[in-house]
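> Got a predicted model here, sequence first, then my questions.
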Amino acid sequence: MAIEAGLIAIGAGLAIGLTGIATALAQKEIGSAAAGAVAENEKVFGKLLIYMVLPETIVLFGLVIAFMLMQKI
């Protein structure tokens with residue numbers, strides 16, 4: 001039983017960690033493009049803010065999966 005709980009905990013940690021890394025990589029690209037676009041045209045700030053928030057949903061999905069996994073321990 002202890003091995004199963006440990007593997008579930010590792011899975012939950014991977015769910016959070018890997019989604020965090022993926023979000024960081026996505027926001028790196030989007031953020032640099034957004035900064036350049038806002039420097040050229042300030043009217044696109046609202047759209048670009050939404051584009052910056054969209055990758056955060058990936059982390060939220062990872063968090064939900066981690067909570068679901070932790071319920072099985």
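It's in.

> So which residue is dead centre in this protein?
The centre of the chain sits closest to residue 59, judged by C-alpha atoms, centre = their mean, with a distance of 2.9 Å.

> Which strands or helices does the strand or helix carrying that one pack on?
Applying DSSP states H and E as the criterion places residue 59 in helix 56-70. Packing contacts for helix 56-70, counted by 3 or more C-beta pairs under 8 Å, 6 or more residues apart in numbering; DSSP states H and E, involve helix 2-40. Quick note: C-beta positions are derived from backbone N, CA and C, even for glycine.

> Run the angle between the helix it packs on and helix 56-70 for me.
Inter-element angle recorded for helix 2-40 and helix 56-70: 170 degrees (by axes from the mean of the first three to the mean of the last three C-alpha atoms, to 10 degrees).

> ok, then the element right after helix 2-40?
From helix 2-40, the next helix or strand downstream (DSSP H and E) is helix 45-53.

> Mean pLDDT per helix and strand in this structure: which one sits at the bottom?
Here the helix or strand of the chain ranked lowest by mean pLDDT, DSSP states H and E is helix 45-53, holding a mean of 91.

> List the buried residues in that helix.
For helix 45-53, the neighbour count (16 or more other C-beta atoms under 10 Å) marks 48, 51 as buried.

> Is the residue nearest to the centre of the chain in contact with residue 21, as I believe?
No. Contact criterion C-beta atoms under 8 Å: residue 59 and residue 21 do not qualify, at 9.9 Å.
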